[in-house]
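Student: Sequence and computational prediction follow.
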Amino acid sequence: MFKQKNYLALGAVVFVAIILLSLPTRATSRLKLAVGSWFLPLFGLAGAAQQLPADLADSVLPRRELLRQIDALRRENQQLRSQAVQSIAIARENDQLRALFNRAKQLPWRLKMAYVIGRDPANWWRTVRIDRGSQDGLTNNLPILSAEGFLVGRVSSVNDHDSQVVLVGDPNCRVSALVENSARDMGVLIAGGTLDTSLVELTYLASSANLKPGQSVITSGLGGIFPKGIPIGQIVDSRSVEYGLYTDARVKLNANLGSLEQVWVLFP
Amino acid sequence: MNPFKTILILAFAFLAVFGEATLSAPRHWLGAQIDLLPALMIYAALNAGLPTIALLALFGGIWFDTLSANPLGISILPLAAIGWPVYLRRDLILRDLPFAQFVLGAAASAVAPVLTLLLLLSGGKELLLGWGTLWQWIVMTAVGAVATPFIFSLMDACNRALGYQERIEPGFRLDREIRRSRKKL
């Protein structure tokens, strides 16, 4: 009897696990959405708790310091306004040139800020969870940028109020990238090291690629997910692989993936 | 079965999974995220019944996979594979000894990620693996080992503080009293 009870319980657990694993992706994501909503109150609490020290620090900031910050922000605002006027003129010129060559008009990016509320508890994935979901207009594969505007990753699954973002360096986030050198060498950004989140591998570069440390790497616009020109990082070093068939390079990411707090969701 | 103990174990599992998803300090300092579910499974296997072990494997696994990029349900089987053998042999284990808890915690924390990885790789998933994974595995094993005696102490303290105590029968029984009297009864 004892043994039979054991086997029944074990069988039930294995049965449920197999059922869950064999569910179609859509059903699994719905189930994940339902179970994930149990954690939302806790995520909200954690966010509020993280914000509390900053709010307290703000409330005790002396008036002199606040005035100094306002002054600095005013100056920065003036500077940015003059740059905006200049960029409007450049954009107009760009549109005229594109019209001259019969090329489609470049649409401006729309950005929406999101907060990172969680990280993947497993060590073999590199994903984060953000507090924007389908109710904010998010869909799968939208590019994600850091607060400074560097490439971070793409949206991999969307819930109502939160989404999962697969970061650059995860095997499921491959990015077509371009090295900003004279030859404009192109390659594919793949997974990096398991411990160092700041280094990723740029592979399938031409064997004749002229790579030097410090050269910038940006998105190439190929692949249809990431628009062209998003800064990714800098070349650290390169090596010839497969008996000189192609070149691999290590890229140091501009974005600090280990301490992401705020990100931009890019609506192309 | 004490339902309070089951609820307490499940609540701890829920908070542990949430903590693993929000606290990035272990990742910053140790280079790996720790997992407390195997250590909790050891506690459940040594102190609770079969339904609790089954529920912990099911819910713990589902919660973990929900907050992770893992396929839903992949963490259930490793947790069950840890809990069952320990449960079947628990009468032979000196469960109150911290050293025994330490060793079992280490073994469980070492086995759980390996089994999950094997399941993921056999499912054809592409994972972030390398020499660093070995370091992460060592960290997970060591932290799981150290955490297990603490989990035992914490759960026992919570049980004592919040759960109802077992009624202890007094040694004195009225019907067994030897009545001494000069009178004949």
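Tutor: Arrived safely.
Student: got the contact list for the helix or strand that contains B:L77?
Tutor: Using DSSP states H and E, B:L77 falls within helix B:76-88. Residues outside helix B:76-88 that contact it (C-beta atoms under 8 Å, 6 or more residues apart in numbering or on different chains) are A:6, A:10, A:13-14, A:16-17, A:20, B:37-38, B:41-42, B:44-46, B:50, B:53-54, B:56-58, B:60-62, B:93, B:104, B:108, B:111-113, B:115-116, B:119. C-betas here are computed from N, CA, C, even on glycine.
Student: filter the residues you listed to the buried ones?
Tutor: Buried members of the contacts of helix B:76-88, counted by 16 or more other C-beta atoms under 10 Å in any protein chain shown: A:10, A:13, A:16-17, A:20, B:37-38, B:41-42, B:44-46, B:50, B:53-54, B:56-58, B:60-62, B:93, B:104, B:108, B:111-113, B:115-116, B:119.
Student: quick one: least confident helix or strand in chain B?
Tutor: Ranked by mean pLDDT, DSSP states H and E, the weakest helix or strand in chain B is helix B:25-30, scoring a mean of 88.
Student: what element comes up after the helix holding B:L77 heading to the C-terminus?
Tutor: Criterion used, DSSP H and E; the element after helix B:76-88 is helix B:98-122.
Student: what's next to that next one, contact-wise?
Tutor: Applying C-beta under 8 Å, 6+ apart, the contact partners of helix B:98-122 are A:122-124, B:35, B:37-39, B:41-42, B:46, B:70-71, B:74-75, B:77-79, B:81-82, B:86, B:93-95, B:127, B:129, B:137, B:140-149, B:151-152.
Student: just checking, what packs against the least confident helix or strand of chain B?
Tutor: If you count contacts as 3 or more C-beta pairs under 8 Å, 6 or more residues apart in numbering or on different chains; DSSP states H and E, helix B:25-30 packs onto helix B:131-162.
Student: State the helix or strand in which the residue of the stretch 101-250 of chain A found nearest chain B lies.
Tutor: Residue of the stretch 101-250 of chain A nearest chain B, by C-beta to the nearest C-beta: A:T194 (3.1 Å). Assessed by DSSP H and E, A:T194 sits outside every helix and strand.
Student: who's in contact with the residue nearest to it when sequence neighbours are not counted?
Tutor: Excluding its sequence neighbours, the residue lying closest to A:T194 (C-beta to C-beta, 6 or more residues apart in numbering or on different chains) is B:G132, at 3.1 Å. Applying C-beta under 8 Å, 6+ apart to B:G132 gives the contacts A:193-196, B:31.
Student: can you list the residues of the stretch 101-250 of chain A near chain B?
Tutor: Residues of the stretch 101-250 of chain A lying near chain B by C-beta under 8 Å from any C-beta of the partner chain: A:117-127, A:129, A:156, A:164, A:166, A:169-172, A:191, A:193-196.
Student: How much space separates A:M113 from A:S146?
Tutor: Here A:M113 is placed at a distance of 11 Å from A:S146 (C-beta to C-beta, to the nearest Å).
Student: And the helices in the stretch 51-200 of chain A?
Tutor: Taking DSSP state H, counting those that start in this stretch as the test, the helices found in the stretch 51-200 of chain A are A:63-100.
Student: Report the residue spans of the stretch 51-200 of chain A with pLDDT below the cut-off.
Tutor: A:106-107 (pLDDT under 70).
Student: does A:T247 really touch A:N210, like I thought?
Tutor: No - with contact defined as C-beta atoms under 8 Å, A:T247 and A:N210 do not form a contacting pair (9.7 Å).
Student: Which one's more surrounded, those two?
Tutor: The residue with more neighbours, out of A:T247 and A:N210, is A:T247; 22 against 13, by other C-beta atoms under 10 Å in any protein chain shown.
Student: Heading C-terminal from the host helix or strand of that one, find the next helix or strand.
Tutor: Assigned by DSSP H and E, A:T247 falls within strand A:246-253. Next along the chain after strand A:246-253, taking DSSP H and E as the criterion, comes strand A:262-267.
Student: quick one: that following strand near chain B?
Tutor: No - figure legend: strand A:262-267 not in contact with chain B (C-beta under 8 Å from any C-beta); closest approach 14.8 Å.
Student: Check what contacts that strand and list those residues.
Tutor: Contacts of strand A:262-267 (C-beta under 8 Å, 6+ apart): A:109-116, A:130, A:132, A:136-138, A:142-147, A:149, A:152, A:155, A:165, A:227, A:230.
Student: switch to 6 Å and redo it
Tutor: Identification of contacts with strand A:262-267 by C-beta atoms under 6 Å, 6 or more residues apart in numbering or on different chains yields A:109-112, A:114-115, A:142-145, A:147, A:152.
Student: which regions of chain B sit below the pLDDT cut-off?
Tutor: Looking at chain B by pLDDT under 70, you get B:1, B:166, B:183-185.
Student: returning to what we had before: settle it for me: which of A:M113 and A:S146 has more neighbours?
Tutor: Neighbour count, other C-beta under 10 Å: between A:M113 and A:S146, A:S146 has more, with 20 against 12.
Student: ok, the closest residue to that one other than its chain neighbours - how many residues close by?
Tutor: Nearest residue to A:S146, sequence neighbours excluded (C-beta to C-beta, 6+ apart): A:A255, at 3.9 Å. Applying other C-beta under 10 Å, we find 25 residues neighbouring A:A255.
Student: do the same with B:L92
Tutor: The local packing of B:L92 (other C-beta under 10 Å) involves 7 other residues.
Student: Likewise for B:L129?
Tutor: B:L129 - counted by other C-beta under 10 Å - has 17 other residues nearby.
Student: Now do it against A:P227, distance only.
Tutor: From B:L129 across to A:P227, the span is 31 Å (C-beta to C-beta).
Student: ditto for A:R98
Tutor: 15 Å.
Student: what's the answer for B:G130, then?
Tutor: 30 Å.
Student: show me the contacts for the nearest residue to B:S109 once chain neighbours are set aside.
Tutor: Closest residue to B:S109 apart from its sequence neighbours, by C-beta to C-beta, 6+ apart: B:G144 at 2.4 Å. Neighbouring residues of B:G144 by C-beta under 6 Å, 6+ apart: B:38-39, B:105, B:109.
Student: Could you do A:G244 as well?
Tutor: A:S207.
Student: who's in contact with the helix or strand harbouring B:Y43?
Tutor: Counting by DSSP H and E, the element that carries B:Y43 is helix B:37-47. The contact list for helix B:37-47 (C-beta under 6 Å, 6+ apart) reads B:9, B:13, B:52-53, B:56, B:60, B:79, B:82-83, B:86-87, B:90, B:95, B:104-105, B:108-109, B:112, B:144, B:147-148, B:151-152, B:155.
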